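Asker: Task: produce atomic coordinates for the following.
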Amino acid sequence: MAWIELSLTIHSNEQERIELALEDLGALSVTLLDAEDHPIFEPAPGETPVWPTIKLAALFDVAVDRAGLVHALTDLVPEIAPDQLEFRDVPDADWVRAWMDTFQPMQFGRRLWIYPWNIEPPADATGDVIVRLDPGLAFGTGTHPTTALCLEWLDGLDLRGKTLLDYGCGSGVLAIAALKLGASAVIGVDLDPQALEASRDNAERNGVADGLSLYLPQEYANAPQDLLVANILAGPLAELAPLFAQACKPGAPFALSGILAGQHEELLARYGEWFEAMEVAQREDWVRISGRRR
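Answerer: Model prediction:
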């Protein structure tokens, strides 16, 4: 089957009304993309992330009357001019396979590898620690610089027999990597129930589900752990500093990421009350802070 895509660039305050109009006209899907170059971060529960200027793309059945669609949409939303609308043909494709074919194994540190499910590790990879993930997941596969920084940090530690708190666990990639690197138990915390499901599913598929306990923030008892990693955002990291101090045993290594360069100075000062020996690592525009509990 083939489709047609209708796209236009709009301001964020127009997004909801135009999206509803497109759905009323039979759009099979509506996708929002950044029309310029504005970073966007994890939204709070119930929030929909939007950029100031949005490229909105709606997918329709190929048989739709394009002229009729333009007329109907401009009737519903008169401020849209017909010359704002662009159409393109979208051929049929195996979208999942096309995406998976672009996702290749990635190495982090000396031992740790992330492999997509469609690629088998080589037979001689006996010394490697391999995490298998579905590259279609929305919660992280290691491709983002913040995740990569945390994976490299984990690879550089001796985790044998240790317990770890992964706060903001997402897909579970950090928790699973820690367990495969020798951690005895990992606690994963995330405010999104779907993220906990993704973590649970990935842990089962990697054979480490018995070592992973998963909680929403309000359910987590905050018992002290041997290590802590949190790949979230600078704002929540600042707010959670006292909780993280309680969650770490004396001398426990910790790593924080999800921090844009320039945001780390404030966090270094904030965490300095409880943590020491702090170091900063940067990849692209993103920063990791690591150190240990006093």
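Asker: doesn't residue 5 fall inside a helix?
Answerer: No: with DSSP: H, G, I helix; E, B strand; the rest coil as the criterion, residue 5 is strand rather than part of a helix.
Asker: What is the neighbour count of it?
Answerer: Number of residues near residue 5 (other C-beta atoms under 10 Å) recorded here: 16. All C-beta spots, glycine's among them, are computed from the backbone N, C-alpha and C.
Asker: hey, what's it bridged with?
Answerer: According to DSSP bridges, the residues that bridge with residue 5 are residue 59, residue 88.
Asker: Could I get the buried residue list for stretch 25-33?
Answerer: Residues 25, 27, 30, 32 are the ones in stretch 25-33 that count as buried (16 or more other C-beta atoms under 10 Å).
Asker: typo on my end, it should be stretch 249-256
Answerer: 252, 253, 254, 255, 256.
Asker: Just to be sure, which of these are found in helices?
Answerer: Judged by DSSP state H, helices contain none of those.
Asker: Domain map for this structure?
Answerer: Following automatic domain parsing, the chain resolves into domains at 3-92, 140-293.
Asker: Let me see the mean pLDDT of the shortest one.
Answerer: When pLDDT is averaged over domain 3-92, the result is 81.
Asker: Next: stretch 240-257.
Answerer: Mean per-residue pLDDT for stretch 240-257: 97.
Asker: what's in contact with it?
Answerer: Here stretch 240-257 makes contact (C-beta atoms under 8 Å, 6 or more residues apart in numbering) with 146-147, 149-150, 153-154, 157, 165, 167, 222-232, 237, 267, 270-271, 273-275, 286-294.
Asker: What of stretch 10-23?
Answerer: Looking at what lies outside stretch 10-23 - C-beta under 8 Å, 6+ apart - the contacts are 6, 8, 30, 32, 50-54, 56, 58, 73, 76-77, 79-80.
Asker: Could I get the full set of strands for the stretch 101-250 of the chain?
Answerer: Using DSSP state E, counting those that start in this stretch, the strands of the stretch 101-250 of the chain run over residues 106-108, 112-116, 129-133, 163-167, 185-189, 212-215, 227-231.
Asker: will you turn the ones you listed into JSON lines that also has distance to residue 282 and mean pLDDT?
Answerer: Formatted as JSON lines, the strands of the stretch 101-250 of the chain follow (distance: least, C-beta to C-beta, whole Å; pLDDT from 0 to 100):
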{"stretch": "strand 106-108", "distance to residue 282": "16", "mean pLDDT": "90"}
{"stretch": "strand 112-116", "distance to residue 282": "20", "mean pLDDT": "89"}
{"stretch": "strand 129-133", "distance to residue 282": "24", "mean pLDDT": "91"}
{"stretch": "strand 163-167", "distance to residue 282": "21", "mean pLDDT": "98"}
{"stretch": "strand 185-189", "distance to residue 282": "26", "mean pLDDT": "97"}
{"stretch": "strand 212-215", "distance to residue 282": "30", "mean pLDDT": "98"}
{"stretch": "strand 227-231", "distance to residue 282": "15", "mean pLDDT": "97"}
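Asker: could you redo the ones you listed as CSV and give each row mean neighbour count?
Answerer: Shown next, in CSV, are the strands of the stretch 101-250 of the chain (neighbours: other C-beta atoms under 10 Å):
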stretch, mean neighbour count
strand 106-108, 18
strand 112-116, 21
strand 129-133, 21
strand 163-167, 26
strand 185-189, 24
strand 212-215, 19
strand 227-231, 25
